[in-house]
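Enquirer: Have a look; sequence and predicted model below, questions after that.
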Amino acid sequence: MKRSVLELDGQWLFQIDRDERGTERGWHTPAYQPGGWRQEPVPGNWDTYLPELFGYAGWAWYRRTFRVAPAWSNQRLHLRFEGANYATTVWLNGQAIGHHEGGFDPFEFDVSGKVSFEGDNTLAVLVDNWPRLNRVPNSHAGWWNYGGIYRSVKLLALPPVRIADVTVHAEPAAGHQPAPLSLDVALVNEGMTAAEVTLAAQVLADEGPVTLVGEPLAATVTLAPAAEVKLSLSAGITKARLWSPAHPNLYRLRLMLQQAGATADTQETSFGVRSFRVQGTQLLLNGEPVRIAGFDRHEEYAGTGRVDKAGTLEADLELIKRLNGNMVRMHYQGHPDLYDIADRIGLLVYAEIPTWGVGNKDANELSDPGVRQVAESMLRTLIASLKNHPSVVIWSIGNECATNRPEARALFGHLAAVARSLDSTRPVAYVGMHDTEEKCFDLVDIPGINKYFGLRARELGERLDAIHALTPDKPLLVTEFGHESALGLRGQGYGTEDEQASVLEQNWAVIRARHDYIPGGLIWCLADYWHQPAGVEHRWLNRIYFCHGVTTLARQPKQAVAAVKTMWEKR
């Protein structure tokens, strides 16, 4: 059977629920008549629907109807959300089908047997973005708390007997040996009878099928009803072309599942042949030392919140490449397109979950089982979603948490162990801000540090040396450095474009001078962004609109753009 998708993006009915009585009023039921509700776009952030809703935090509802073709009645139906912030509860035809916590990771629910094929289906979604200390990130997160369903929603029609998952490992071989390729494939049978199936795999490049050596990539198994079977297949790729930022060579893996002489399912994913390792205090890409130069960024666009309507995401990543950069980092799982584009253009990705600030305001968060559960769920989703992307080279388990407290070791030790259990081919990182008071750097492969020293370059160097002494056998990545500036403010002094450019140049010189243990750095940040309100003790140019970008939120370039391109010509 063929996989099919019903896109549910478009205009939805929308209403805020400030007094949290929507369920009491029956807003989730098909019989409810939503008179006076607004028509608003999904994907969309409610902060952009009305000026008065910019910064609204609380409950809000979305409703729409849709019809499903009777031909899908023999398929398994999954309702998938690519992203909604933060806690999302979903009803279909008045029946509760699931709840999800997390503002950036995708999630889906099996709605087989709950869909009508004879008329309208009513979908009701409650989204709650109210800031709370025990959420991940908590209410003190360093970015705007945009609310709503801001990524795509779709109904997936899947064959009952199908390919459920595939993990691809492909790394360079020594000398001229074929590159080893291994596949871990999960098959499921959600039908009522046993199924004998044959799985076959093919590797393709732009010019066509790729020559493989070893046993054929194929296997025949019998799947009992409600069973899952995991298969491992391996081969070698002759004359493999490696993936790197300079040469982002991609292959395509095509999986075909045959049952009773017919195609039961097909699936295709891209991958690259590459390795990324920590060796001593260095990072190795395909066995060679690599110098990191890149940007942190937020998924935020002028006037549209987290929804990219103008191709700005791809333009951002292309800009990093044009500035001689090779890496991008965000504090959370990004839009799926980010990773596809990074694969294609050759940009390394530092992938992180939003365990941001945990324990800094309330140390009890560090031992809160709810925080741990949600953070682990986010980490598992991150790795499951991105594991086959060659651009993704690091799993980061958090940023700027209370890791100056010994209580943090249990939480971050657990997250590091989970990451390694799911993927042993990529290093695990954590980013701190507590300098020599950090208590968790020994738990990860790549300690990261965020440092803002302005023009005090000598002091920055001394501080980096002291932090590195905590784990002298590991690389120390400078994951954030930067400075504020306002577009059009020139000359000497804090906040000018000239001083921002000078700070970046001087800080980069300090980082380069320590290449023996610092493999590079990431600038905070690519574009200005809206920030959660900060107290008056934070002496920023603007305590809500943060001006650390080398461009404005509208992507107008500042003087720093040209400065960065020049300073990164030699890493």
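Expert: Right, received. Where do you want to start? Numbers count the residues shown, from 1 in each chain.
Enquirer: Count the neighbours of the nearest residue to Ala240 once chain neighbours are set aside for me.
Expert: Distances taken as Cβ to Cβ, 6 or more residues apart in numbering place Ala179 nearest to Ala240, at 3.6 Å, with adjacent residues excluded. All C-beta atoms are positioned from the backbone trio N, CA, C, and that covers glycine. Using other Cβ atoms under 10 Å, Ala179 has 20 neighbouring residues.
Enquirer: Look up which residues are beta-bridged to Ala179.
Expert: Under DSSP bridges, the beta-bridge partners of Ala179 are Ile237.
Enquirer: Can you list the buried residues in stretch 428-448?
Expert: Residues of stretch 428-448 classed as buried: 428-434, 438-441, 443-448 (neighbour count, 16 or more other Cβ atoms under 10 Å).
Enquirer: whoops, stretch 352-364 was the one
Expert: Judged by neighbour count using 16+ other Cβ under 10 Å, the buried positions of stretch 352-364 are Glu352, Ile353, Pro354, Thr355, Trp356, Gly357, Val358, Gly359, Asn360.
Enquirer: the helices in the stretch 201-350 of the chain, which residues?
Expert: 312-322, 336-345 (DSSP state H, counting those that start in this stretch).
Enquirer: now those helices as TSV including mean neighbour count?
Expert: Shown next, in TSV, are these (neighbours: other Cβ atoms under 10 Å):
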stretch	mean neighbour count
helix 312-322	18
helix 336-345	18
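Enquirer: Which among the ones you listed is found nearest to Glu7?
Expert: helix 336-345 (14.1 Å; Cβ to Cβ).
Enquirer: How far away from the center of its chain is that closest one?
Expert: In terms of Cα atoms, centre = their mean, to the nearest Å, the centre of helix 336-345 is set 11 Å apart from its chain centre.
Enquirer: Contacts for it, please.
Expert: With Cβ atoms under 8 Å, 6 or more residues apart in numbering as the contact definition, helix 336-345 has outside contacts at 82, 106, 243, 248, 250, 270, 272, 299, 308, 313-314, 317-318, 321, 328, 330, 347-349, 385-386, 389-392.
Enquirer: With only the CA atoms kept, save that helix in CSV.
Expert: Output of helix 336-345 as CSV, limited to C-alpha atoms (Å, rounded to 0.1, in the frame of the first residue of the first chain):
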residue,chain,number,x,y,z
PRO,A,336,12.9,19.8,9.7
ASP,A,337,14.1,21.8,6.7
LEU,A,338,17.1,23.1,8.6
TYR,A,339,18.7,19.7,8.6
ASP,A,340,17.9,18.9,5.0
ILE,A,341,19.5,22.2,3.9
ALA,A,342,22.5,21.7,6.1
ASP,A,343,23.1,18.3,4.6
ARG,A,344,22.8,19.7,1.1
ILE,A,345,25.0,22.8,1.4
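Enquirer: can you pull out the helices in the chain?
Expert: 22-25, 312-322, 336-345, 369-386, 408-422, 457-468, 497-513, 559-567 (DSSP state H).
Enquirer: packing partners for the longest one?
Expert: Contacting helix 369-386 under the criterion 3 or more Cβ pairs under 8 Å, 6 or more residues apart in numbering; DSSP states H and E are the following elements: strand 348-352, strand 392-399, helix 408-422.
Enquirer: Just name the most buried of these.
Expert: Neighbour counts (mean count of other Cβ atoms under 10 Å) averaged over each of these peak at strand 392-399, with a mean of 27.
Enquirer: Between helix 408-422 and that one, find me the angle.
Expert: Between strand 392-399 and helix 408-422, the angle comes out at 160 degrees (axes from the mean of the first three to the mean of the last three Cα atoms, to 10 degrees).
Enquirer: quick one, what contacts Trp61?
Expert: Phe14, Gln15, Ile16, Asp17, Gly22, Trp27, His28, Ala124, Val125, Leu126, Val127.
Enquirer: Quick check: chain neighbours aside, which residue is closest to the fourth one?
Expert: Put plainly, it is Asp17. In space, and not counting its chain neighbours, Asp17 is closest to Trp59: 3.9 Å by Cβ to Cβ, 6+ apart.
Enquirer: Bridged to the one you found, which residues?
Expert: Asp128.
Enquirer: gap between the residue lying closest to Tyr146 once chain neighbours are set aside and Glu352?
Expert: Nearest in space to Tyr146, with sequence neighbours left out and distances taken as Cβ to Cβ, 6+ apart, is Asn45 at 4.2 Å. Applying Cβ to Cβ, to the nearest Å, the value for Asn45 to Glu352 is 21 Å.
Enquirer: pLDDT below threshold where in the stretch 101-250 of the chain?
Expert: 139 (pLDDT under 70).
Enquirer: coming back round to it: just checking, the residue nearest to Ala240 touches Arg241?
Expert: No - using Cβ atoms under 8 Å as the test, Ala179 is too far from Arg241 to be in contact (9.1 Å).
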